[in-house]
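Novice: what would the 3D arrangement of this be:
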Amino acid sequence: MDWCCATLTVVPSPSLDADLALAFQLSELAAEVALEFYARGVDTVWKEDNTPVSEADLEVDRRLIEALRLARPDDAVLSEESGARGSSTRRWILDPIDGTFNFVEGRPAWGTHVALEVDGELVLGVITRPVREQRWWATRGRGAFTAPFASASSASSSSTPLHVSAVDDLAKSRVSVWSRQPDALVERLERDTVMVQATLDNVLEVIAGEHEAVVGASGKIWDHAPAVIIVDEAGGHFRDGRGGHRPDLGEGIYSNRLIDDALDRVISG
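Specialist: Alright, predicted model coming up:
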């Protein structure tokens, strides 16, 4: 959340099931719009922070904001592409197209991030990979799941529960490093873990039990927010750069929780 003293509008909360259904609808809308651009190619410009934004990002953003304005007019929204709208104890956090680099180059590792924060706590997160027709989600206290778009429902028998791996030996742990880290740290990780190539899907692999940790996972709040609650509900752990649990501090570590102590010893040297 924005850690400030602004007065927030208190909005009665719909049920979490209703919010999840809306999040699914938003992710499906985003996929429909984005895939049309993906099929034909897009024009791209560079933002001040040296990251790309395409016409698809902007159109998906516009459609999602429009849909939320109709469905939840009293809720606040924070989107990567259009910034903050409204002030409320309920806030939707959006990344219209996460992985724009991959999107504009025709690679499938991109999708939409949708998260909901209530009273400063993340209660819902959805991440998609439209080209693969796959979706991951979690709601607070109810676990994490994955399913194809056509059958994704928290009550669906085709939904697969997600759980992080049971690997507790750091030497057997698959670890990737996202952002630039000191050479000495990278050398220690290469020595003491099973280092694997960093990809946009590493965090999803931690959630699915196919990876044990991502070190230096960088991003803004809209990059982290849905992944934080999904990894939590899958039994894992996200820690920000200060050792807390805030998704708005730019960088953190995703893990299966079991290797945290050993990983911290390697990181600290």
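Novice: please enumerate the helices of the stretch 51-200 of the chain.
Specialist: Assigned by DSSP state H, counting those that start in this stretch, the helices in the stretch 51-200 of the chain fall at 55-71, 100-104, 183-192.
Novice: got the buried residues for the longest one?
Specialist: Read it as helix 55-71. 56-61, 63-65, 68, 71 (16 or more other CB atoms under 10 Å). Placement of C-beta: from N, CA and C, glycine included.
Novice: now the helices of the stretch 51-200 of the chain as JSON lines including mean pLDDT and distance to Thr44?
Specialist: Shown next, in JSON lines, are the helices of the stretch 51-200 of the chain (pLDDT from 0 to 100; distance: least, CB to CB, whole Å):
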{"stretch": "helix 55-71", "mean pLDDT": "96", "distance to Thr44": "8"}
{"stretch": "helix 100-104", "mean pLDDT": "91", "distance to Thr44": "5"}
{"stretch": "helix 183-192", "mean pLDDT": "96", "distance to Thr44": "31"}
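Novice: dump the ones you listed to TSV, plus distance to Asp240.
Specialist: Converted to TSV, the helices of the stretch 51-200 of the chain look like this (distance: least, CB to CB, whole Å):
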stretch	distance to Asp240
helix 55-71	26
helix 100-104	24
helix 183-192	17
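Novice: for this protein, give me the ranges with low pLDDT.
Specialist: Counting by pLDDT under 70, the low-confidence segments of the chain come to 1-13, 150-157.
Novice: rerun at 90
Specialist: For the chain, applying pLDDT under 90 flags the ranges 1-14, 40-54, 148-159, 179-181, 269.
Novice: grab the nearest non-local neighbour of Ser37.
Specialist: Not Ser; residue 37 is Phe. Ala56 (3.6 Å; CB to CB, 6 or more residues apart in numbering).
Novice: surely that neighbour touches Thr112?
Specialist: No: taking contacts as CB atoms under 8 Å, Ala56 lies outside contact range of Thr112: 10.9 Å.
Novice: in the chain, spot the helix with the most residues.
Specialist: helix 16-40 (DSSP state H).
Novice: just want the angle from that one to helix 55-71.
Specialist: Orientation check (axes from the mean of the first three to the mean of the last three CA atoms, to 10 degrees): helix 16-40 against helix 55-71 gives 150 degrees.
Novice: could you list the buried residues of helix 16-40?
Specialist: By 16+ other CB under 10 Å, the buried positions in helix 16-40 come out as 16, 19-20, 22-24, 26-31, 33-34, 37-38.
Novice: so what touches it?
Specialist: 13, 54-56, 59-60, 63-64, 67-68, 71-72, 94, 96-97, 103, 106, 110-112, 114, 116, 123-124, 126, 128, 130-131, 135, 137, 139-140, 142, 149, 152-154 (CB atoms under 8 Å, 6 or more residues apart in numbering).
Novice: let's see 7 Å
Specialist: 55-56, 59-60, 63-64, 67, 71, 96-97, 103, 112, 114, 116, 123-124, 126, 128, 130, 135, 139, 149, 152, 154 (CB atoms under 7 Å, 6 or more residues apart in numbering).
Novice: just the buried residues of the helix or strand following that helix, please?
Specialist: Of the helices and strands lying after helix 16-40 in sequence (DSSP states H and E), the nearest is strand 44-46. By 16+ other CB under 10 Å, the buried positions in strand 44-46 come out as Thr44.
Novice: quickly run through the sheet partners of strand 44-46, with directions.
Specialist: Strand pairing for strand 44-46, determined by DSSP bridges: strand 52-54 (antiparallel).
Novice: ok now the partner strand, how far from the chain's centre?
Specialist: Its chain's average C-alpha position is 18 Å from that of strand 52-54, according to CA atoms, centre = their mean, to the nearest Å.
Novice: swap in stretch 86-102?
Specialist: When distances are taken as CA atoms, centre = their mean, stretch 86-102 is centred 10 Å away from the chain's centroid.
Novice: same check on stretch 102-115?
Specialist: The chain centre lies 12 Å from the centre of stretch 102-115; the measure is CA atoms, centre = their mean.
Novice: give me the contacts around whichever strand or helix holds Asp223.
Specialist: Asp223 is part of helix 221-233 when elements are defined by DSSP H and E. Applying CB under 7 Å, 6+ apart, the external contacts of helix 221-233 come out as 78-80, 93-95, 98, 113-115, 122, 124-127, 136-138, 140, 143-144, 203, 206-207, 237-238, 247-248, 252, 254.
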